[in-house]
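**Student:** A predicted structure for the sequence below; I have some questions about it.
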Amino acid sequence: MPIRVNLDRVLLDRRMSLTEISDRVGITLANLSILKTGKARAIRFSTLDALCRELECQPADILKYEPDEKILAKAAE
Amino acid sequence: MLSLSLLFIDNSEHVVCMNELFSYTAPVIARVLNVALIIVMGLLALFAVFLVAFGIFMLFDPDPSMATRVSEGLKRSGYNTVEKVAPFFAAVLALAYFYIASVVRGIVKTLTNGNPFVEGNISRLRKTWIIVALAEIFRIFAINDTTLSSWFLVFVIATMAEVFRIGLELKRDQELTV
């Protein structure tokens, strides 16, 4: 998946633990670790909203698009 | 009866917490189905045991009047079969349907758990339609008879198995949405 979740880096910058952010945004620790480990298949706008509000960041700080080289090469052909 | 109980499969499915937002209560229809299936399974098991006993009795019965009466009855019903083994054929069919009932009960159990979209249910549905189809093929060869509705059922259940596969995919997506 070319979308990467950079949540752990943002958390590191803010010196915030996963438990703390979990308490503040009201998302279970289990769901947050699904997001952090990149296992999530989708993210709700409400989740993104809460994370950006509490971390005082933009969605782009959390989500990164990293194109797959193989797919890009295929598309160029 | 001991051999019949071996046909029960351990249907314990690990319950993945489907949704933390609401507590799940099993629908009434699932509980009714569970009870109905237990009754059906009991009747089918009794029927199979009776048929096997009757078949053995007929094999060794020196008095041919019983076999004659059975064959006349079968012919009148339009069935063309070897009357001596007819009870065994019927017993095989009863056992097949007993097995189907136990498989369907596995599906009902997952329904009462609140999580019917599991890998196991797809294979259960597949097992169900394959056995219904095999039973019908057996009927064609054994008693030279088949019913259209059973074949219809085969296609319906096969379709449902595929629908369940999509349902499982959707549930996985839903679980991994944060």
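**Tutor:** On my side now, so go ahead.
**Student:** List the residues that contact the nearest residue to residue A:31 once chain neighbours are set aside.
**Tutor:** Once flanking residues are discounted, residue A:31 sits nearest to residue B:178: 4.5 Å by CB to CB, 6 or more residues apart in numbering or on different chains. Every C-beta, even on glycine, is put in place using the N, C-alpha and C of the backbone. Residues in contact with residue B:178 (CB atoms under 8 Å, 6 or more residues apart in numbering or on different chains) are A:27, A:31-32, A:34-35, A:40, A:42-44, A:47.
**Student:** Looking at the residues you listed, which is nearest residue B:118?
**Tutor:** For the contacts of residue B:178, the closest approach to residue B:118 (CB to CB) belongs to residue A:34, at 19.3 Å.
**Student:** Quick one: name the residues of chain A near chain B.
**Tutor:** A:27-28, A:31-32, A:34-35, A:39-44, A:47 (CB under 8 Å from any CB of the partner chain).
**Student:** which element follows the helix or strand hosting residue B:53 toward the C-terminus?
**Tutor:** Following DSSP states H and E, one finds residue B:53 within helix B:28-60. For helix B:28-60, the following helix or strand on the C-terminal side (DSSP H and E) is helix B:65-76.
**Student:** State the mean pLDDT of that following helix.
**Tutor:** Helix B:65-76 shows a mean pLDDT of 74.
**Student:** what comes up buried for that helix?
**Tutor:** By neighbour count with 16 or more other CB atoms under 10 Å in any protein chain shown, helix B:65-76 contains the buried residues B:70-71, B:74.
**Student:** Packing partners of that helix?
**Tutor:** helix B:28-60, helix B:86-113 (3 or more CB pairs under 8 Å, 6 or more residues apart in numbering or on different chains; DSSP states H and E).
**Student:** and it, how far from the chain's centre?
**Tutor:** With CA atoms, centre = their mean, to the nearest Å as the basis, helix B:65-76 stands 28 Å off its chain's centre.
**Student:** quick one: that helix to helix B:28-60, angle?
**Tutor:** Angle of helix B:65-76 versus helix B:28-60, following axes from the mean of the first three to the mean of the last three CA atoms, to 10 degrees, is 130 degrees.
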